[in-house]
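1. The amino acid sequence is not available; the structure is as follows:
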């Protein structure tokens, strides 16, 4: 599975959009981009995933560049409860054994 | 719908003791996983299973054993507990599909070995 690079931390004002970047320049054609988050002391929570088209659900939007080498997770109106560590992972669908690590992620701090 | 349920939530073990962390899921997922997370670090895969009767090692399997006799249950066994196994353990499950497989996590089991 391709490796990902994320900034270690970011701040966002409450009510504003939070844009979390992820670089995955070695991604291959059959690898999906997944985003999870982990609120302190809780199990990781699935947010969204995509292959090459932009995706949106009730939690967030995922923007994947045309060359698929990077992506951005957008939380449109961040709240204090969105403070968490956000993990970007790329992996082949159905490849259970390669869900090896979540890496360091981005620690998002939403401030009042 | 309970999702992924882990027990116990907290446990203190003495060095050399053994114990089993229980995990069950009610989503009929074929894939199940065990991760550990050390303080301030990301998650590391210990073992995983792609179906009943099938298990395989992840990144950090030493000191652990698993079994998968049913689709629902995936217990993690710690033999001869060591301080290095002090961690938070997360069980997870997913349904394999060609359109992507979302992984659902339990709430974690905090284990301290003293």
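-> Perfect, I can see it now. Being a predicted model, the structure only gives us computed values, none of them experimental.

2. Any residues of chain B in contact with chain A? List them.
-> B:4, B:31, B:33, B:41-45, B:48, B:50, B:56, B:58-59, B:90, B:92, B:94, B:96-108 (CB under 8 Å from any CB of the partner chain). Where C-beta positions appear, they are placed from N, C-alpha and C, glycine not excepted.

3. quick one, strands of chain B?
-> Using DSSP state E, the strands of chain B run over B:4-7, B:10-13, B:19-25, B:31-37, B:43-51, B:54-57, B:64-66, B:76-78, B:87-94, B:103-105, B:109-113.

4. now the ones you listed as CSV including distance to residue A:87, mean neighbour count and mean pLDDT?
-> Formatted as CSV, the strands of chain B follow (distance: least, CB to CB, whole Å; neighbours: other CB atoms under 10 Å in any protein chain shown; pLDDT from 0 to 100):
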stretch, distance to residue A:87, mean neighbour count, mean pLDDT
strand B:4-7, 18, 18, 96
strand B:10-13, 25, 14, 96
strand B:19-25, 21, 19, 97
strand B:31-37, 11, 25, 93
strand B:43-51, 8, 21, 90
strand B:54-57, 22, 14, 93
strand B:64-66, 23, 19, 97
strand B:76-78, 22, 18, 97
strand B:87-94, 13, 24, 94
strand B:103-105, 11, 21, 88
strand B:109-113, 20, 18, 97
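
5. Show the backbone phi and psi for residue 38.
-> With no chain named, the answer covers chain A. phi -130, psi 110 (degrees, to the nearest 10).

6. Please name the residues that touch it.
-> Contacts for residue A:38 were tallied using CB atoms under 8 Å, 6 or more residues apart in numbering or on different chains; they are A:44-45, A:84-85, A:87, A:102, A:105.

7. overlap between these and the residues near chain B?
-> Under the cut-off given by CB under 8 Å from any CB, chain B has A:44-45, A:87, A:102, A:105 from the contacts of residue A:38 close to it.

8. Now the buried members of the residues you listed.
-> Burial by neighbour count, 16 or more other CB atoms under 10 Å in any protein chain shown: within these this picks out A:44, A:87, A:102, A:105.

9. quick one: which of those is nearest residue B:73?
-> Set against residue B:73, the nearest of those by CB to CB is residue A:44 (20.9 Å).

10. What separation do you get for the closest one and residue B:105?
-> Counting by CB to CB, to the nearest Å, the separation of residue A:44 from residue B:105 is 5 Å.

11. quick one: common contacting residues for these two?
-> Residues touching both residue A:44 and residue B:105 (CB under 8 Å, 6+ apart): B:90, B:92.

12. Restricted to strands, list the buried ones among the ones next to chain B among the contacts of residue A:38.
-> Per DSSP E, those map to strands at residue A:87.
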